[in-house]
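Asks: Kindly generate the corresponding structure for this input.
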Amino acid sequence: MEAWIPLGYLLSAALFIFGLKKLGHPRTAPRGNQYGAMGMLVAVLTTIVDMQLASGGMNWELIIAGLVVGSVIGIIMAIKVEMTGMPELVALFNGFGGAASALVALSETWKYIEGSAVVPEGLTLQVIMLAAGLSALVGWMTLTGSILAMFKLKGGIEIFGKWFSTPTWGPSWLNPVKVLLTLSVLALIVMAIGEPTNTNYLWAIIGISCLLGIVLVLPIGGADMPVVVSLLNSLSGIAAAFTGFIISNPVLIVAGSLVGASGLILTFIMCKAMNRTLPDVLFKSFGGTTKETVTRTKVGSDPDEVAMMVDGAQKVIIVPGYGMAVSQCQHQVKEFGDLLEEKFDTEVKYAIHPVAGRMPGHMNVLLAEANVPYEQLIEMDEINPEFPECDVAVIIGANDTCNPAARTGEGPLAGMPIIDADQARTVVIIKRSLSVGYAGVDNDLFYMDKTMMLFGDGKAMMTGLNNAIKEI
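Replies: Numbers count the residues shown, from 1 in each chain. As a prediction, the model looks like this:
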């Protein structure tokens with residue numbers, strides 16, 4: 001039976017790798033999730049069998065209870081959480097993943113310190129303390145940082161019926177504090193290696209790491225949240241890899257390394273999409289401080305005018321943004337696209353900016369929920385050359401991601417790649433007001449002669465526009 005254990009771990013790792021590969025495209029992403037879930041199931045069952053063979057007896061009641069409780073919580077959250085709440089859920093899962101890895105590492109290390117378990121062959125207690133310290137640093141920092149990121153994505157927290165907004169606070173002296181806390185944890189890890197039986201070092205590492213997670217995320221505003229979510233996801237994988245090293249579990253090392261590497265790659269992709277570096281995200285504020293005062297005005301249009309404009313349009317590109325997620329109008333947007341195709345035989349495409357929304361792939365997820373065909377979801381670099389031949393660009397709640405100010409080389413948006421919606425022949429923008437986006441920069445696109453503004457809630461405006469098209 002023991003000979004089958006490595007095969008179980010190998011199968012689990014293979015499923016993780018295939019699942020990660022499938023997650024690279026919206027069409028195959030559901031299958032990728034299934035492969036990942038199967039890989040985790042195989043890993044859990046293989047680990048249980050391995051533990052049974054090694055110890056000869058386990059507390060099955062506790063194991064089964066943990067599996068049942070965890071499964072029930074997962075099912076309930078998956079059913080109840082709306083698609084617009086997925087960014088918060090992903091951030092929370094990242095934190096729980098990091099904390100789980102850190103707890104397992106702490107538990108196993110404690111056994112070695114007390115002498116109730118034998119250090120695995122080929123390792124020393126000092127090496128285990130190094131891995132435990134790094135796991136604690138990354139795991140607990142990920143937990144507190146992810147929880148704060150969740151509340152930032154949510155906009156605040158409700159306590160006893162009162163709503164408290166989550167602050168974005170980052171004075172200049174906070175950066176040296178981050179560096180000092182990081183160096184303190186590293187120094188404590190070195191001290192723990194020198195005195196592996198002194199558990200006070202571990203507790204100090206845990207405490208400072210928790211504080212470090214809060215201090216790192218506190219100054220980061222909403223515009224950078226996609227980068228933060230990706231980075232925290234990477235850190236949760238790194239914590240798992242450290243823990244796998246401590247407990248000599250190969251599949252945990254493989255899975256953690258995959259999550260860590262893929263999360264880091266995605267983090268750099270998000271940074272590139274915003275023309276920012278990772279150090280800039282972590283140590284410099286972006287928007288949310290000084291906002292331009294809007295002094296210009298624009299006369300709004302109504303759904304009937306827009307319906308007449310799209311009548312006969314040969315090509316329409318829809319640009320979804322955070323406003324679509326807030327108003328939850330993705331189904332109305334899908335209906336709008338279907339009406340154009342059915343009534344006017346219009347070619348409809350969707351322009352997806354990499355950082356539109358509050359997490360990587362946010363717009364893809366929302367539009368996929370509304371059953372928008374995957375082949376119509378076009379990434380920014382591919383869709384931008386098509387805007388000059390586009391009859392109408394319909395922007396739904398996007399601001400910074402299509403602001404021409406990014407091309408000027410000045411201000412918070414300088415150099416950020418944007419959707420070239422301003423190059424379309426006619427632009428329709430659905431937005432509550434002329435207010436600036438998170439970067440605090442007024443958008444010249446609002447005031448162009450070819451721009452039509454539909455002021456109001458995204459769902460209400462899209463519903464009115466669909467009704468107007470039906471009456472044509």
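Asks: Which stretches in the stretch 101-250 of the chain count as helices?
Replies: In the stretch 101-250 of the chain, the helices defined using DSSP state H, counting those that start in this stretch lie at 125-154, 174-194, 200-217, 225-246, 250-273.
Asks: can you put those in JSON lines and add mean neighbour count?
Replies: The way it works is simple: take the backbone N, C-alpha and C, and place the C-beta from them, glycine included. Shown next, in JSON lines, are those (neighbours: other CB atoms under 10 Å):
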{"stretch": "helix 125-154", "mean neighbour count": "24"}
{"stretch": "helix 174-194", "mean neighbour count": "16"}
{"stretch": "helix 200-217", "mean neighbour count": "20"}
{"stretch": "helix 225-246", "mean neighbour count": "26"}
{"stretch": "helix 250-273", "mean neighbour count": "20"}
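Asks: Output these in TSV; the columns should cover mean pLDDT.
Replies: Listed next are the helices of the stretch 101-250 of the chain as TSV, based on pLDDT from 0 to 100:
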stretch	mean pLDDT
helix 125-154	91
helix 174-194	93
helix 200-217	94
helix 225-246	88
helix 250-273	88
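Asks: Of all those, which one is nearest residue 321?
Replies: Residue 321 sits nearest to helix 225-246 of all these, at 12.9 Å, using CB to CB.
Asks: starting at the chain centroid, how far to the closest one?
Replies: Chain-centre distance of helix 225-246: 12 Å, with CA atoms, centre = their mean, to the nearest Å.
Asks: Need the helices of the stretch 101-250 of the chain in TSV (columns: distance to residue 74).
Replies: Below are the helices of the stretch 101-250 of the chain laid out as TSV (distance: least, CB to CB, whole Å):
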stretch	distance to residue 74
helix 125-154	17
helix 174-194	32
helix 200-217	24
helix 225-246	16
helix 250-273	17
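Asks: For residue 326, which of those is the nearest?
Replies: Minimum separation from residue 326 across the helices of the stretch 101-250 of the chain (CB to CB) falls at helix 125-154, 11.9 Å.
Asks: Show me what the closest one is packed against.
Replies: helix 86-114, helix 174-194, helix 200-217, helix 225-246 (3 or more CB pairs under 8 Å, 6 or more residues apart in numbering; DSSP states H and E).
Asks: Turn these into TSV, columns for distance to residue 63.
Replies: As requested, the helices and strands packed on helix 125-154 are exported to TSV (distance: least, CB to CB, whole Å):
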stretch	distance to residue 63
helix 86-114	14
helix 174-194	31
helix 200-217	26
helix 225-246	18
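Asks: just so I know, which of the ones you listed lies nearest residue 138?
Replies: With CB to CB, the closest approach to residue 138 among those belongs to helix 225-246: 4.3 Å.
Asks: The closest one versus helix 250-273: what angle between them?
Replies: Per axes from the mean of the first three to the mean of the last three CA atoms, to 10 degrees, the angle that helix 225-246 makes with helix 250-273 is 160 degrees.
Asks: May I have helix 225-246 as PDB, with CA atoms only?
Replies: Extracted in PDB, the C-alpha atoms of helix 225-246 (Å, rounded to 0.1, in the frame of the first residue of the first chain):
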ATOM      1  CA  MET A 225      -6.300  46.200  -5.300                       C
ATOM      2  CA  PRO A 226      -6.000  43.900  -8.300                       C
ATOM      3  CA  VAL A 227      -2.200  43.900  -7.800                       C
ATOM      4  CA  VAL A 228      -2.600  43.400  -4.000                       C
ATOM      5  CA  VAL A 229      -5.000  40.400  -4.400                       C
ATOM      6  CA  SER A 230      -2.600  38.700  -6.900                       C
ATOM      7  CA  LEU A 231       0.400  39.300  -4.600                       C
ATOM      8  CA  LEU A 232      -1.400  37.900  -1.500                       C
ATOM      9  CA  ASN A 233      -2.400  34.900  -3.500                       C
ATOM     10  CA  SER A 234       1.200  34.400  -4.400                       C
ATOM     11  CA  LEU A 235       2.200  34.700  -0.700                       C
ATOM     12  CA  SER A 236      -0.300  32.100   0.400                       C
ATOM     13  CA  GLY A 237       1.300  29.700  -2.000                       C
ATOM     14  CA  ILE A 238       4.800  30.500  -0.800                       C
ATOM     15  CA  ALA A 239       3.700  29.900   2.800                       C
ATOM     16  CA  ALA A 240       2.300  26.500   1.800                       C
ATOM     17  CA  ALA A 241       5.500  25.500   0.100                       C
ATOM     18  CA  PHE A 242       7.500  26.300   3.300                       C
ATOM     19  CA  THR A 243       5.100  24.200   5.300                       C
ATOM     20  CA  GLY A 244       5.400  21.300   2.800                       C
ATOM     21  CA  PHE A 245       9.100  21.400   3.400                       C
ATOM     22  CA  ILE A 246       8.700  21.200   7.200                       C
END
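Asks: gap between the two ends of stretch 419-432?
Replies: Distance between the two ends of stretch 419-432: 20 Å, counting by CA to CA, to the nearest Å.
Asks: Which residue, neighbours along the chain excluded, lies closest to residue 42?
Replies: Spatial nearest neighbour of residue 42, chain neighbours left out: residue 12 (4.3 Å); criterion: CB to CB, 6 or more residues apart in numbering.
Asks: packing partners for whichever strand or helix holds that neighbour?
Replies: For residue 12, the host element (DSSP states H and E) is helix 4-22. Applying 3+ CB pairs under 8 Å, 6+ apart, one finds that helix 4-22 contacts helix 29-55, helix 250-273.
Asks: Distance to residue 390 for these - can I get that in TSV?
Replies: Formatted as TSV, those follow (distance: least, CB to CB, whole Å):
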stretch	distance to residue 390
helix 29-55	27
helix 250-273	21
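Asks: Just tell me which of the ones you listed ends up closest to residue 109.
Replies: Closest approach to residue 109 among the helices and strands packed on helix 4-22 is made by helix 250-273 (15.0 Å; CB to CB).
Asks: Which residues does the helix or strand following the closest one contact?
Replies: Per DSSP H and E, the first helix or strand lying C-terminal to helix 250-273 is helix 278-283. Helix 278-283 is contacted by residues 175, 178, 216, 220, 224, 227-228, 231, 267-268, 271, 286 when judged by CB atoms under 8 Å, 6 or more residues apart in numbering.
Asks: One more pass at 10 Å, please.
Replies: 170, 174-175, 178-179, 216-217, 219-221, 223-228, 230-231, 264, 267-268, 270-271, 274, 277, 286 (CB atoms under 10 Å, 6 or more residues apart in numbering).
Asks: any idea how far residue 364 is from residue 268?
Replies: Noted for residue 364: a distance of 19 Å to residue 268, by CB to CB, to the nearest Å.
Asks: any idea how far the residue nearest to residue 42 lies from residue 193?
Replies: From residue 12 across to residue 193, the span is 32 Å (CB to CB).
Asks: again with residue 276
Replies: Going from residue 276 to residue 193 by CB to CB gives 36 Å.
Asks: same thing with residue 130?
Replies: In terms of CB to CB, residue 130 sits 6 Å off from residue 193.
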